[in-house]
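> after the sequence you'll find the predicted model.
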2 protein chains.
Amino acid sequence: MEVSNTKQQHQSASISLTKPVRCIVKLGGAAITCKNELETINEENLKTVSSQLRQSMTTGLNSGEVLGMDWSKQPGESEISSTLSDFEDQPVVDSSPFIVVHGAGSFGHFQASKSGVHKGGLYQPLVKAGFVATRISVTKLNLEIVRALAREGIPSIGMSPFSCGWSTRERNIASADLSAVAKAIESGLVPVLHGDAVLDDLLDCTILSGDAIISHLAAHLKPEYVVFLTDVLGVYDRPPSDPNAVLLREIAVAKDGSWSIEKPTFQNKNKQVETSVAAHDTTGGMLTKISEAAAIAKLGIDVYIVKAATSHAFKAFSGELKGNLPEDWLGTAIRFSNK
Amino acid sequence: MEVSNTKQQHQSASISLTKPVRCIVKLGGAAITCKNELETINEENLKTVSSQLRQSMTTGLNSGEVLGMDWSKQPGESEISSTLSDFEDQPVVDSSPFIVVHGAGSFGHFQASKSGVHKGGLYQPLVKAGFVATRISVTKLNLEIVRALAREGIPSIGMSPFSCGWSTRERNIASADLSAVAKAIESGLVPVLHGDAVLDDLLDCTILSGDAIISHLAAHLKPEYVVFLTDVLGVYDRPPSDPNAVLLREIAVAKDGSWSIEKPTFQNKNKQVETSVAAHDTTGGMLTKISEAAAIAKLGIDVYIVKAATSHAFKAFSGELKGNLPEDWLGTAIRFSNK
């Protein structure tokens, strides 16, 4: 299958860091929020994801004790419970650079769709109010995610694309200076970005998706691998709710960006899958998802799409999936192939 | 009295906007938080300040009906109460550009002081954790202020200096690109910045104060006037708790940056006030406050220091204080004088 990479990369030079980025993690909205409950976080998933991330970042260096970095009051509390003295005995832990990007899930969606922020027209009172309301909702989620990560001992730092000065032109990234993100990484911090309402050169304003941010970061910061956390095991050949749905376990991407399913092997390999994936696409955007992942894999960066808060996700974070995939690993690996 | 302006302005060119900034407002930490209650907002003051700001921004254009722009859940609510249909009948309101900067008050202070973030050394576990914790606390406050402003119909947009890529060098602003702030203003939005933990070229990290941000914004965006909201009526010649304290009502700043008290008139004008202000300075930093305000006034920008949520503050926001100050106005005006 041919996929054309229609995204223009306006700043093609990659940024060189003292220590290269190991992993960019996308916390999908469906994985960390309760999709049908307005502005509600999936606390259990988020806690597990945060804990797995910390363990992956500091493999082998971790004393086991978690020293939380969220020293703010929790709802209903009047005091801060912190154990600051414990930090003094801590060795300096040199963890590997990660970047976190999250979607919106049940945050922001209501505000953006009611006002049509993605369509632009910021001068209209409803769109302007919706722009403000959307940013409030997604930054509220960002703060909660930063806090959850910090409670697990990750030095997380919220960085909103809007505040970073990022903007689009007809919904494609037009300006997205990565120097602030790079400086944060060089300082040993973990930037936490998110899908955001941004200004658009032609439309006035629009929504910049978490996936578009990931593509941009991957192209310029060249991480070893990218992990997409979702609420199903990976990418299927048709909607996962269909009892006949088959998990696509390995997708190989060629130099020209074309991709093919390596595992499982289908009888009529190309034709059959193409049809079923395309059929799925009309409802779930699965073809788009594979195409975007393939564009990243084409750069030599492994992409894993896995279910959040599972052992499969932990394996993906930890970088254990290089080479042959373990038989018991469940997920979708999309990787460059020289064959 | 001579005051030397020790702040280096690294980017001396001012940014030209289609519509110049009318007012930069500093919401002092003491005015909008309860100083002795950890992470507690002074809700009443914040609501009044927000309402006064909206009225000042849209003088003469306002229909009276406030259409809130915070469409997020309030604590304890499960639904969003919004009246989106009302926006459709709204005329496009062309309000004048304002920028809001807030201090930290009872947010951030505990986290920063316990860990010594202002002293630098981000590689140390305690400082790194404190950096993360401080940013969580101040961004939590920022979100609450943005929401309070939005509820009063102000198109407020949180912009953290850290995310904007601002950094310092030995605590003085080294890099603080204003293009994202300028773009937000040009789009009719109201940027809401705040004192923040930032990276420092020499110290690794430090705290950038709201006052330093105001000085930088004023120097480059040249607003008509700057208003500092505080919890007392203005600047006094000694601690306001002293029963003999006298409110300094008018301070004139000369071309060379020197300043003198115009009102009230003291018997032994220079000597007496100098002593009492200096004495106050050891505890309250009042001389520093006047010096910083004088540096802004020297640029031809009027500075008003007023008590938050009073009619005096409203007069200052509204730009009613040009020329002679009304007899019944209580506050401190620090203005350039050609005399």
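Perfect, thanks for sending it.
> when you work out contacts or count neighbours from here on, use the C-alpha atoms and nothing else.
Fine.
> what sits against residue A:20?
Applying CA atoms under 8 Å, 6 or more residues apart in numbering or on different chains, we find residue A:20 in contact with A:97, A:221-223.
> ok, so of the residues you listed, who is nearest chain B?
The closest of the contacts of residue A:20 to chain B turns out to be residue A:97 (CA to the nearest CA; 14.4 Å).
> kindly state the pLDDT recorded for residue A:285?
For residue A:285, the pLDDT comes out at 63.
> now, the contacts of residue A:20 that are in strands?
Secondary structure defined by DSSP state E assigns none of the contacts of residue A:20 to strands.
> go through these and flag which are in helices.
Judged by DSSP state H, these include residue A:221 as members of helices.
> which among the contacts of residue A:20 end up buried?
A:97, A:221-223 (16 or more other CA atoms under 10 Å in any protein chain shown).
> now the two most distant members of these.
A:97 and A:222 (11.8 Å; CA to CA).
> which neighbours do those two share?
Shared contacts of residue A:97 and residue A:222 (CA under 8 Å, 6+ apart): A:20-21.
> tell me where the stretch 51-200 of chain A has strands.
For the stretch 51-200 of chain A, applying DSSP state E, counting those that start in this stretch gives strands covering A:98-102, A:156-158, A:167-169, A:172-175, A:190-194, A:196-200.
> pick the most buried one from those.
strand A:156-158 (a mean of 29; mean count of other CA atoms under 10 Å in any protein chain shown).
> show the average pLDDT along that strand.
98.
> if we can go back for a sec, quick one: the contacts of residue A:20 as TSV, columns for pLDDT too.
As requested, those are exported to TSV (pLDDT from 0 to 100):
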residue	pLDDT
A:97	95
A:221	97
A:222	96
A:223	97
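> can I get the CA coordinates of stretch A:289-297 in PDB?
Written as PDB, here are the backbone C-alpha positions of stretch A:289-297 (Å, rounded to 0.1, in the frame of the first residue of the first chain):
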ATOM      1  CA  LYS A 289      -3.400   5.900  12.300                       C
ATOM      2  CA  ILE A 290      -1.300   3.400  10.400                       C
ATOM      3  CA  SER A 291      -0.300   6.000   7.800                       C
ATOM      4  CA  GLU A 292       0.900   8.400  10.500                       C
ATOM      5  CA  ALA A 293       2.800   5.700  12.300                       C
ATOM      6  CA  ALA A 294       4.300   4.500   9.000                       C
ATOM      7  CA  ALA A 295       5.600   8.000   8.300                       C
ATOM      8  CA  ILE A 296       7.400   7.900  11.700                       C
ATOM      9  CA  ALA A 297       8.700   4.400  11.100                       C
END
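> tell me how far residue A:241 lies from chain B.
29 Å (CA to the nearest CA, to the nearest Å).
> please apply the same query to residue A:294.
30 Å.
> same question for residue A:84.
For residue A:84, the distance to chain B - CA to the nearest CA - is 7 Å.
> go on, residue A:264?
44 Å.
> ok, now residue A:166?
From residue A:166 across to chain B, the span is 8 Å (CA to the nearest CA).
> isn't residue A:264 up against residue A:249?
Yes: Residue A:264 is within contact range of residue A:249, at 6.4 Å (criterion: CA atoms under 8 Å).
> what does the stretch 201-339 of chain A have sitting close to chain B?
residue A:204 (CA under 8 Å from any CA of the partner chain).
> burial measure for the one residue in the stretch 201-339 of chain A that gets nearest to chain B, as a count.
Closest contact between the stretch 201-339 of chain A and chain B, by CA to the nearest CA, is at residue A:204 (7.8 Å). Using other CA atoms under 10 Å in any protein chain shown, the number of residues around residue A:204 comes to 20.
> one more: the one 3 residues further on?
When neighbours are defined as other CA under 10 Å, residue A:207 has 23 of them.
> quick check: it touching residue A:173?
No: with contacts counted by CA under 8 Å, residue A:207 stays clear of residue A:173, the gap being 10.6 Å.
> can you point out the buried residues in the strand or helix carrying residue A:296?
Assessed by DSSP states H and E, residue A:296 sits inside helix A:286-297. Going by neighbour count (16+ other CA under 10 Å), the buried part of helix A:286-297 is A:286-287, A:290-297.
> distance to residue A:138 added to the residues you listed, as TSV?
Formatted as TSV, the buried residues of helix A:286-297 follow (distance: CA to CA, whole Å):
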residue	distance to residue A:138
A:286	24
A:287	26
A:290	25
A:291	26
A:292	23
A:293	24
A:294	28
A:295	27
A:296	25
A:297	28
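> hmm, back to that, so which of the strands of the stretch 51-200 of chain A gets nearest residue A:16?
strand A:98-102 (14.9 Å).
> check what pLDDT the residue nearest to residue A:79 when sequence neighbours are not counted gets.
Nearest residue to residue A:79 in three dimensions, chain neighbours excluded: residue A:73, at 6.2 Å (CA to CA, 6 or more residues apart in numbering or on different chains). With respect to pLDDT, residue A:73 scores 89.
> likewise for residue A:219?
96.
> and it, how many neighbours?
For residue A:219, using other CA under 10 Å, the count is 20.
> that one contacts residue A:14, doesn't it?
Yes: using CA under 8 Å, residue A:219 is in contact with residue A:14, at 7.1 Å.
> mind showing which ranges of the stretch 1-150 of chain A have poor pLDDT?
Across the stretch 1-150 of chain A, the ranges flagged by pLDDT under 70 are A:1-13, A:59-64, A:81-83, A:92-93.
> just the stretch 201-339 of chain A next, same as before
A:267-285.
> so which residues of it form strands?
With DSSP E, counting those that start in this stretch as the criterion, the stretch 201-339 of chain A has strands spanning A:204-208, A:225-230, A:235-236, A:247-248, A:250-253, A:259-263, A:302-307, A:332-336.
> rewinding a little: so which of residue A:264 and residue A:249 has more stuff around it?
Legend: neighbour count by other CA under 10 Å for residue A:264 and residue A:249, higher for residue A:249 (23 against 13).
> ok, and the closest non-adjacent residue to that one?
Distances taken as CA to CA, 6+ apart place residue A:332 nearest to residue A:249, at 4.4 Å, with adjacent residues excluded.
> isn't that neighbour right next to residue A:230, touching?
No: counting by CA under 8 Å, residue A:332 does not reach residue A:230; the two are 11.2 Å apart.
> count the residues that sit near residue A:74.
For residue A:74, the neighbour count with other CA under 10 Å is 12.
> got it, and residue A:263?
Residue A:263: 14 neighbours (other CA under 10 Å).
> that one reaches residue A:237, doesn't it?
No: with contact defined as CA under 8 Å, residue A:263 and residue A:237 do not form a contacting pair (11.6 Å).
> any common contacting residues for the two?
residue A:248.
> pull out the buried positions in stretch A:73-82.
Buried-residue list, stretch A:73-82, by 16+ other CA under 10 Å: residue A:73.
> sorry, slip of the keys, the one I care about is stretch A:305-322.
Per 16+ other CA under 10 Å, stretch A:305-322 contains these buried residues: A:305-310, A:312-319, A:321.
> so which of those sit within helices?
A:312-318.
> tabulate the strands of the stretch 201-339 of chain A (TSV), appending distance to residue A:133.
What follows is the strands of the stretch 201-339 of chain A, written out as TSV (distance: least, CA to CA, whole Å):
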stretch	distance to residue A:133
strand A:204-208	13
strand A:225-230	26
strand A:235-236	32
strand A:247-248	38
strand A:250-253	39
strand A:259-263	40
strand A:302-307	30
strand A:332-336	35
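> of these, which approaches residue B:44 most closely?
Comparing the strands of the stretch 201-339 of chain A by their distance to residue B:44 (CA to CA), the top pick is strand A:204-208, with 33.2 Å.
> quickly list the domain ranges of chain A.
Under the assignment automatic domain parsing, the domains of chain A span A:11-58+A:95-223, A:232-302+A:310-339.
> could those domains go into JSON lines alongside distance to residue B:132?
Output for those, formatted as JSON lines (distance: least, CA to CA, whole Å):
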{"stretch": "domain A:11-58+A:95-223", "distance to residue B:132": "6"}
{"stretch": "domain A:232-302+A:310-339", "distance to residue B:132": "22"}
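> helices of the stretch 1-150 of chain A, start to end?
A:29-32, A:43-57, A:109-115, A:125-151 (DSSP state H, counting those that start in this stretch).
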